[in-house]
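Visitor: Provided below are the primary sequence and the corresponding predicted coordinates.
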Amino acid sequence: MDYGLDKKTNTLKTFNTIFIISWLLIACFPFIWTFWGSFKVRADFFSRSDWWYAISAFNTLIETGEKFTTNAYHEAWFEGEFWKASKNTIIVTVFVVSISLFLGTLGAYALSRSTEKYAFWILMAALIFRAMPHITLVSGYLFPFFELQIWGILPTTIVVLVAINQPFTLWLLYSFFKTIPKELDESALIDGCSYFQAFRHIIMPVMWPGVITAGLFSLMLAYNDFTVTALLLNQENHTMVPKIQSYLGTNQHEGNLMWAVSAVVSATAPLFMLVMFFQRQVISGLTTGAVKG
Amino acid sequence: MPNKTFFWFFLPTGLAMVLFIGLPIISTGVQSFYAQHDQVVKEVKKCDPFGCTVSIVVDNEETTKIREAKPLGKFNGFGTYVDRNHLATEEIKKFWNETETFGEFVDQVTNLPFYKALIFTLTYCIFVTPNVLLLGFIIALSLNAISRKIRGPLIFGTILPMIVTPLVGSLVLFWMIDSQGIIGANIQNLMNDPYLSLKSSKTLTWITIIIYGIWHHSPFAFVVFYAALQTVPQEPIEAAIIDGASRFQRIKHIVLPHIYPVVTFVALISLMDNFRVFEPIIGFSAEGSAQSLSWLIYDNLVNEEVILFGSAAATSMMTIIGIAILLAPVLVRTWKEFKTAR
């Protein structure tokens, strides 16, 4: 809001700068600190005697002979089988994103081009579904899944995550398709295309910005999910987030807490990179629908 | 679009939602009326030279047989809803008759698991939601006044707490606040109290989780408000400046009314998200002093011996009713708008 008339006093500017800097510290410092600490031994990062050890690396020097150690990573990835968890996460994420987008684009396109009353009610139902706490849905799944003996495997979890993700994807893509002029595909229909052909040849080439945004959100949901993956997967098939939680539970093992720290860093880093590249899409995704009222 | 084409386009996503969101809600409803079987006991007569004794033991074979025949459990009607772990009607009646003062009664009731969780969930919502709106708005205003060139990285830093999963976010904070972490240890030094720690006090735990909630959700409010601020028209603001309106007056009378619909949207979304608070309780290992409705369900479902499907389902149904009450005003309003639009 920088315009000629609005003169900001110097006090206001300084105050503003101080506020932003302190907020950024609050927002980012915990991550920087965890990243730093993941290269220390437990006695330093969770020091009983002096928190300064985490910076001076007192015990890390004694135990490993260097100021930084990657032991925690090494142990978590191999002994703790974090590689398996990240492999599972990649499988789940890739399938959830591609299936969600496939179903979502078709459904949302239909909703955006329908003038019937039921389209409105479907969108309302999706809103209500979006509000359901995931844990209540999981309590509905567990029993039937046990009975059908499809509990604990990756495909079940993928299908469930796709379904849970649909309401949000539908709303997002619905408001995106609304911004594509109707005349574009209507002219194709007049020229004798079927709706599928119009979708294939007219809409598909121009839908990628919206699809990328929707894809990012499906990705974040699948990647970050704890409730569904922790309860619907067996130990063997756990993805990263439930795996991190399992490191916390078994505290007898001296190394385990540091496993959790390094696992948290390993799980968060790719997500941060991704958001850094796609920051604009994330923000536009959060605001579509909201800003238009 | 003709109905038939619509049907084929919408079928896959509709099927997914009906099968995995609609049906589970019904399945939860059905399960909530059943309870797990009691163990079958039998009397065993044991005779030895000194006489016979009759002892009662669990008949494992029979128990498994019954469980396999009727895996859903025995029909319990509304029994699960009113038992001690849920609405606890009997207990409340008893407390009402036995306690002398109203305060004592409230004390007793809030010690029941369901009410304890309900109160924590509501407290969390009441404290987190308004603060998220306020902090998000202030950050948006403040970033909006900073030079466009450096805004990109600042926005990236601001949204970090939002993009990590709540479990990771709360763990990262917990490791700092814990008595062996950087902040916890320093507070102990400052207060000169070596026993001060998060786990020792219920109030401290609640405050920490609420602060975590504000930290985690504010970036979302920020992003939406920031985008909305870009659409505020400049002319009325310039006119207000010429008329001598102060900065505060401009925000109150021009900016806020303009972004009002967005404020309600953010309030609604963050209320819905806050109502399902659950992962931070695990992250902060705060099960001892803070339990939410979602946590109660989780706890039933990870029960070691027998998974308490009925109990979890009953809590789930009541959570869904809670969500419905929260959503009702919005739905009614949308319906009215829809009717007048027609």
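Guide: Looks like it came in fine. Numbers count the residues shown, from 1 in each chain, chains lettered A, B, ... in the order given.

Visitor: let me see the domain layout of the chain.
Guide: You didn't say which chain, so I picked chain A. If the domains of chain A are taken from automatic domain parsing, they occupy A:10-69, A:76-287, with pieces of a single domain joined by a plus sign.

Visitor: I was after chain B.
Guide: If you go by automatic domain parsing, chain B breaks into B:3-69, B:112-302.

Visitor: just the domains of chain A: most buried one?
Guide: Comparing these on average neighbours per residue, with mean count of other CB atoms under 10 Å in any protein chain shown, the densest one is domain A:76-287 at a mean of 19. Where you see a C-beta, it was placed from the backbone N, CA and C, and this is true even at glycine.

Visitor: any idea how far it is from the middle of the chain?
Guide: Going by CA atoms, centre = their mean, to the nearest Å, the spacing between the C-alpha centre of domain A:76-287 and its chain's C-alpha centre is 8 Å.

Visitor: likewise for stretch B:63-77?
Guide: In terms of CA atoms, centre = their mean, the centre of stretch B:63-77 is set 31 Å apart from its chain centre.

Visitor: where exactly do the strands run in chain B?
Guide: When secondary structure is read from DSSP state E, chain B shows strands at B:34-35, B:41-48, B:51-58, B:74-75.

Visitor: nearest to A:Ile99, out of those?
Guide: Smallest distance to A:Ile99 across these (CB to CB): 33.0 Å, for strand B:34-35.

Visitor: separation between the closest residue in space to B:Leu331 that isn't next to it in sequence and A:Leu219?
Guide: Using CB to CB, 6 or more residues apart in numbering or on different chains and skipping the chain neighbours, the partner closest in space to B:Leu331 is A:Met124 (6.9 Å). A:Met124 sits 26 Å away from A:Leu219, taking CB to CB, to the nearest Å as the criterion.

Visitor: what residue lies at the spatial centre of the chain?
Guide: No chain specified, so I'll use chain A. Within chain A, the residue whose C-alpha comes closest to the C-alpha centroid is A:Met220; the distance, by CA atoms, centre = their mean, is 1.7 Å.

Visitor: ah, I was thinking of chain B
Guide: Within chain B, the residue whose C-alpha comes closest to the C-alpha centroid is B:Arg276; the distance, by CA atoms, centre = their mean, is 2.0 Å.

Visitor: which ones are touching it?
Guide: In this structure, B:Arg276 makes contact with A:133-135, B:292, B:294, B:319, judged by CB atoms under 8 Å, 6 or more residues apart in numbering or on different chains.

Visitor: rewinding a little: per-residue confidence for the residue nearest to B:Leu331?
Guide: According to the model's per-residue confidence, A:Met124 sits at a pLDDT of 86.

Visitor: then A:His238?
Guide: pLDDT recorded at A:His238 is 90.

Visitor: near chain A, which residues of the stretch 51-200 of chain B?
Guide: B:71-72, B:138-139, B:142-148, B:152, B:154-161, B:163-168, B:171-173, B:175-176, B:178, B:180-182, B:185-186 (CB under 8 Å from any CB of the partner chain).

Visitor: worst average pLDDT in the domains of chain A?
Guide: What stands lowest among the domains of chain A, in mean pLDDT terms, is domain A:10-69, with a mean of 84.

Visitor: which SSE is A:Ile20 in?
Guide: Per DSSP states H and E: A:Ile20 is located in helix A:10-37.

Visitor: which element is the residue in the stretch 1-150 of chain A positioned nearest to chain B on?
Guide: Residue of the stretch 1-150 of chain A nearest chain B, by CB to the nearest CB: A:Gly140 (3.0 Å). Take DSSP H and E as the rule and A:Gly140 turns out to sit in helix A:134-148.

Visitor: ok, then the element right after that helix?
Guide: Note on helix A:134-148: by DSSP H and E, the next helix or strand toward the C-terminus is helix A:154-178.

Visitor: re the thing from before, which of the residues of the stretch 51-200 of chain B next to chain A count as buried?
Guide: Buried members of these, counted by 16 or more other CB atoms under 10 Å in any protein chain shown: B:72, B:138-139, B:142-145, B:154-161, B:163-168, B:171-173, B:175-176, B:178, B:180-182, B:185.

Visitor: surely A:Thr169 meets A:Thr213?
Guide: No - when contacts are counted by CB atoms under 8 Å, A:Thr169 is not listed as touching A:Thr213 (9.9 Å).

Visitor: how about the helix holding A:Gly140 as PDB, C-alpha atoms only?
Guide: Listed next in PDB are the C-alpha coordinates belonging to helix A:134-148 (Å, rounded to 0.1, in the frame of the first residue of the first chain):
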ATOM      1  CA  HIS A 134     -10.600 -37.400  10.100                       C
ATOM      2  CA  ILE A 135     -10.400 -39.400  13.300                       C
ATOM      3  CA  THR A 136     -14.200 -39.800  13.200                       C
ATOM      4  CA  LEU A 137     -14.000 -41.200   9.700                       C
ATOM      5  CA  VAL A 138     -11.200 -43.500  10.800                       C
ATOM      6  CA  SER A 139     -13.300 -44.900  13.600                       C
ATOM      7  CA  GLY A 140     -15.900 -45.700  10.900                       C
ATOM      8  CA  TYR A 141     -13.300 -47.500   8.700                       C
ATOM      9  CA  LEU A 142     -11.500 -49.700  11.100                       C
ATOM     10  CA  PHE A 143     -14.200 -52.200  11.800                       C
ATOM     11  CA  PRO A 144     -15.200 -52.900   8.200                       C
ATOM     12  CA  PHE A 145     -11.600 -52.900   7.100                       C
ATOM     13  CA  PHE A 146     -10.700 -55.500   9.700                       C
ATOM     14  CA  GLU A 147     -13.700 -57.600   8.500                       C
ATOM     15  CA  LEU A 148     -12.800 -57.300   4.900                       C
END
